[in-house]
Structures are given as structure tokens and as C-alpha cells.
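[1] prediction below, plus the sequence it came from.
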Amino acid sequence: MKAYVLHGIGDLRCEDCPMPELRPGWALIKVSAAGICSSDIPRIFEKGTYHFPTIPGHEFCGVVERTANPEDSGWIGRRVGVFPLIPCMACPSCARGEYETCSNYDYVGSRRDGGFAEYAAAPVWNLIRLPDEISDVQGALLEPAAVALHAVRRADIRPHSSVCVVGTGGIGLLAGQWAGRCGADRVVIKGRSCEKEALARRCGLDYTGVTPEERFDRVIEAVGSSAALEESLTLAAPGGRVVLMGNPDGSKTLAQNVYWQILRKQLTLSGTWNSSYGGADSDWEASVRAIAQGALGVEKIVTHIVDKADLPRALHMMRSRTGPFCKIVVKF
């Protein structure tokens, strides 16, 4: 099969690879589409994966072609999304069904080979069926949709509350959509890009700007920078909650007057990581339902759909920011 293999930092090659080996309880998936996550950029160009060589890519969907166990053969031919976190099933978090906080997890696309390939392997337990109403492009965005919902649920949005999402990336825009679905009366996307303003409006979100005095019941930080963290704390109303979702771009320090805001406004800071999985009300099942019903417009954050041969060009565009983009999906 053809796959994009990371041999070292910045050394991504398209090459022939052996087909993935199937462990007991695993399935072989013919990849249909894969999303490029912003975290793939430092993973490929700056920090590397946990070992080399590795096939990156953790946002993908496809069709089950083969299963290791005969009892799982009912999956063959089915279109599926893939929950990329493989829990250890032995730690206290796993015992509670909180797999996203597993102490010893594996991860498709960083700790093991992922979806930037013609075929990928994953445990059958990690597969979620995609109804016909969900396209391949939408299926590839199931993971960021679930991550965004997890953050919004951590925000504990109450009816008639106001929400500000700081950041205009794909997950931030999806979080804005989810916040409206969860009962917020006012949802504002805070960003600085004219191109992203058009995209936010395409998603049905307010990008009109925030007055210096305006404060919000809930703030979701979706950038990961110190400036965005400080801005989020400032934007929060007294007694508000700030959810930190953006992957940190480095060490964080707070100015004393900003730290005082946490104390004097009695803010609640909440972290969010990945997404819940398993059970009818998990972030993944809820995302499948919302996308299939047309209630969550994941396709609205897509700015580029490219062929697999153009994956390196798309990665370099994201890294160098040579053109406007939000979410790039690769068709395999």
C-alpha cells in the first residue's frame, strides 16, 4: 500500500509499505478521507512522533475490509469513523469509563501508525458506524467534532448564557456551533482574521466583535497561546467558567493583574482533553447523530479538499501559512 511515512522530524515520504498487521480484535480499514489536524504540523515538522518510522493521521474514516476475528466479520463492508485513542482498560480512569484520561493509552497516528495511508488498522472497539447521511468528508471530521463537544460540555453551558470562543480554528468554530445547540443565547467567535470572519458567518456564528466592557458567562480558549489565555480570563464574567482547550504553544506565565482576575472574579478554570467514547451519550455518538441530522455543519469549516498526492503541499501551506485555510481534508 501507499502511505506517508515520517522517518524523522521533517522527513515525510510517500512510499510503499506492508499492509498493517491485525492483532486479535482489530480491523483493517480502507481509508476514504483524512483530516489534517493543526497538531499534525508540530508533530511532523518540529517535535516528531513517539518513534520512527510512523504514519501520522488521527482524523479519518473508511470502510472495513477485513477483521482479525471471525465474530467481528459483521463490520466488513461498513463505513466507519475511528476513535484514535486506544485505552489500556486497566487504569482507574478506564474502570470509570473515562477513557480520555487513561493513564497508559496508545494513539493512532502518533504512537502507532495512522490514517495518512491507503489502509489503517484499529481495534474493532474503536470503530463507530457512519450512517449513509454522513459523507466521507464529514466522517473524517468526526474526531474534531467530538473534541469540540467535549470542551463545550466541560463548559457546563446553561440556558440563556453567553459564550465566547477565543480562536478561529476548526475546533473553535465547531465549539461555537455546539455552544448554540447546548442552549447559549449569545455565541461570539473572537478572532483577528477577515478570512475567518467569513468562515464564522458561514457556520452561522457571530463575529461582530466584542466591546471592551463585554463579559461572558463561559469562555472557551481555543488557541493555546499566553495572549489567548489572558484574553480569555479578561473576557470571563464574575463567577464565569473558562475552558482551556488549545494545545499550549510553550510555557505559560500570567501577569499579576491577570492572575488577580481569577481570584477576584472567582473564575472556574477547566481543562479539556480529547473526547468521551462509549455509550449512547458519548461525544462520538452525539456527534454522529448531529452530523447525520444536519444539526452540526462540520463541512462548513472545510476550506480545502485535496487528493492524497497533494498532502505534502497542504501540510507545507499550513506550516508556512502561505494562504488562508481552516480545515483541510485529504481524499484517499
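    Noted; the coordinates are in hand. On a predicted model such as this, the values are computed, not experimentally measured, just so you know.
[2] what strands line up against the longest strand along the chain, and which way round?
    Across the chain, the strand with the greatest residue count (assigned by DSSP state E) is strand 26-36. Paired strands of strand 26-36, with direction, are strand 59-67 (antiparallel), strand 119-123 (antiparallel), strand 327-331 (antiparallel) (DSSP bridges).
[3] quick one: buried residues of that strand?
    Of all the residues in strand 26-36, those buried under the rule 16 or more other C-beta atoms under 10 Å are 26-29, 31-36. Any C-beta I mention is one placed from the backbone N, CA and C, and that applies to glycine too.
[4] now residue 241: which helix or strand?
    Element membership for residue 241 (DSSP states H and E) is strand 236-244.
[5] what about the helices in the stretch 201-332 of the chain?
    Secondary structure of the stretch 201-332 of the chain (DSSP state H, counting those that start in this stretch): helices at 226-235, 256-264, 283-292, 311-320.
[6] residue 219: which of these is closest?
    Nearest to residue 219 among those is helix 226-235 (4.6 Å), distances taken as C-beta to C-beta.
[7] against which helices or strands is that closest one packed?
    On a contact count with 3 or more C-beta pairs under 8 Å, 6 or more residues apart in numbering; DSSP states H and E, helix 226-235 meets strand 162-166, strand 216-221, strand 236-244, helix 256-264.
[8] possible to save those as CSV with mean neighbour count and mean pLDDT?
    What follows is the helices and strands packed on helix 226-235, written out as CSV (neighbours: other C-beta atoms under 10 Å; pLDDT from 0 to 100):
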stretch, mean neighbour count, mean pLDDT
strand 162-166, 28, 97
strand 216-221, 28, 98
strand 236-244, 20, 98
helix 256-264, 12, 96
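[9] who wins for proximity to residue 48 among these?
    Between residue 48 and these, the tightest spacing by C-beta to C-beta is seen for strand 236-244, at 24.7 Å.
[10] please save the CA atoms from the closest one in PDB.
    Output in PDB follows, covering the C-alpha atoms of strand 236-244 (Å, rounded to 0.1, in the frame of the first residue of the first chain):
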ATOM      1  CA  ALA A 236     -15.000  36.000  31.600                       C
ATOM      2  CA  ALA A 237     -17.700  37.500  33.700                       C
ATOM      3  CA  PRO A 238     -17.600  37.300  37.500                       C
ATOM      4  CA  GLY A 239     -18.500  33.700  38.500                       C
ATOM      5  CA  GLY A 240     -17.800  32.500  35.000                       C
ATOM      6  CA  ARG A 241     -16.100  29.400  33.700                       C
ATOM      7  CA  VAL A 242     -13.100  29.300  31.400                       C
ATOM      8  CA  VAL A 243     -12.400  26.100  29.500                       C
ATOM      9  CA  LEU A 244      -8.800  25.700  28.200                       C
END
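[11] between that strand and strand 216-221, how many degrees?
    With axes from the mean of the first three to the mean of the last three C-alpha atoms, to 10 degrees as the basis, strand 236-244 and strand 216-221 are set at 30 degrees to each other.
[12] partners of strand 236-244 in the sheet?
    strand 216-221 (parallel), strand 268-271 (parallel).
[13] identify whichever of those strands lies nearest to residue 110.
    The closest of those to residue 110 is strand 268-271. By C-beta to C-beta, the value is 19.5 Å.
[14] that older thread, who wins for proximity to residue 321 among the strands paired with strand 236-244?
    Among the strands paired with strand 236-244, the nearest to residue 321 by C-beta to C-beta is strand 216-221 (20.7 Å).
[15] give me the contact list for the closest one.
    Strand 216-221 is contacted from outside by 151-152, 155-158, 161-167, 172, 175, 179, 184, 186, 188, 228-229, 232-233, 235-237, 240-246, using C-beta atoms under 8 Å, 6 or more residues apart in numbering.
[16] would you mind giving the strands paired with strand 236-244 as a markdown table with distance to residue 15 added?
    Shown next, in a markdown table, are these (distance: least, C-beta to C-beta, whole Å):
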| stretch | distance to residue 15 |
| --- | --- |
| strand 216-221 | 39 |
| strand 268-271 | 38 |
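[17] which among those is found nearest to residue 262?
    Smallest distance to residue 262 across the strands paired with strand 236-244 (C-beta to C-beta): 6.9 Å, for strand 268-271.
[18] what about that closest one, distance to the chain center?
    19 Å (C-alpha atoms, centre = their mean, to the nearest Å).
[19] residue 205 and residue 301: what is the separation?
    Per C-beta to C-beta, to the nearest Å, residue 205 is found 11 Å from residue 301.
[20] intersection of neighbour lists for these two?
    Contacts common to residue 205 and residue 301, judged by C-beta under 8 Å, 6+ apart, are residue 173.
[21] okay, those two: which has more neighbours?
    Neighbours per residue (other C-beta atoms under 10 Å) separate residue 205 from residue 301, with residue 301 holding more: 26 against 23.
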